[in-house]
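>>> task: produce atomic coordinates for the following.
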Amino acid sequence: MSDQIVLFGAADFAAIAFTYFSEASPYQVAAFTVHREHRQADEFMGRPLVDFETLTATHPPDRYAMYVAVGQSKLNKTRARVYHLAKDAGYRLVSYVHPSVQIWSNTTIGDNVFVFDHCTVQPFSTIGDDAILWCGCDIGHNAVIGKHCFVAGQAVVSGHSSLGDYTYLGVNATVRDRVAVAADNMIGAGALIMRNTKPRQVFAPARSQAEKMDSYRLFGLEEAPADGEGA
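All right, here's what the predicted structure looks like:
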């Protein structure tokens, strides 16, 4: 199968995925693609940027594979929609696993998955199609990550737990062992999920509030001198 791929997307995640594929994978990025209505240039990251509507003519699926480099927009629904369009057009959707990540023989990974550097993916786990695991997240043994999920940096899905399809798990959030998170959940940064959830629930931990005392008073510091003073 070809090692030439096309990346769908022309925003931050597409640029990040391009870097990872180019510098730490056997794949070569030949072009980028977006829907015609969103294409604002002829190139992106030094590669051609072409209309998705004509992609099968310029970069046919028998010669090029694809990765859909779209983030968590609209609870991952945007990425999922393009994922299905690409498959319907005949493209093989590749997955990316950073070389720093150990994948065990009994771990199952779907297509169009992106596993960033320094994630931990323990034995007997399952990563569903079109999921994104950001840097440093921890997927416990026998855990299941559903299709079209997004697991943000440093988040933890403990052993024998699961995330339902389309769920977003925020930075530093934790799902306790043997907990089933339902589909379409939005779990904010730092949340701790201790019991099973229901579909379409939102978990938003309280935000830290600034203290009335400023940091200079807290540490007994003098006011910083103005520029040019006290030199």
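
>>> so what pairs up with the residue nearest the centre of the chain in the strands?
Centroid-nearest residue in the chain, with C-alpha atoms, centre = their mean: I132, separated by 3.3 Å. Each beta-bridge partner of I132 is listed here, defined by DSSP bridges: F114, F150.

>>> doesn't H148 make contact with it?
No: using C-beta atoms under 8 Å, I132 is not in contact with H148; the gap is 9.1 Å. Heads up, the C-betas are built off the backbone N, CA and C, glycines and all.

>>> ok, the residue nearest to the centre of the chain - contacts?
I132 makes contacts with G71, Q72, V113, F114, F116, C149, F150, V151, as judged by C-beta atoms under 8 Å, 6 or more residues apart in numbering.

>>> host element of the closest residue to D62 other than its chain neighbours?
Counting by C-beta to C-beta, 6 or more residues apart in numbering, G90 is the residue found nearest to D62 once chain neighbours are left out, at 7.8 Å. With secondary structure defined by DSSP states H and E, G90 is part of neither a helix nor a strand.

>>> separation between G90 and T174?
Separation of G90 from T174 (C-beta to C-beta, to the nearest Å) stands at 40 Å.

>>> surely A204 is in contact with G188?
Yes: look at A204 against G188 with C-beta under 8 Å: they come within range, at 4.5 Å.

>>> more neighbours, these two?
Taking neighbours as other C-beta atoms under 10 Å, A204 and G188 compare with G188 leading, 18 against 12.

>>> for that one, what are its contacts?
Contacts of G188 were listed using C-beta under 8 Å, 6+ apart, and they are G170, A173, V202, F203, A204, P205.

>>> let me have those residues in TSV, extended by distance to Y67, secondary structure and pLDDT.
Formatted as TSV, the entries for the contacts of G188 read as follows, by distance: C-beta to C-beta, whole Å; DSSP: H, G, I helix; E, B strand; the rest coil; pLDDT from 0 to 100:
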residue	distance to Y67	secondary structure	pLDDT
G170	23	coil	98
A173	25	coil	98
V202	29	strand	98
F203	30	strand	98
A204	31	coil	95
P205	32	coil	93
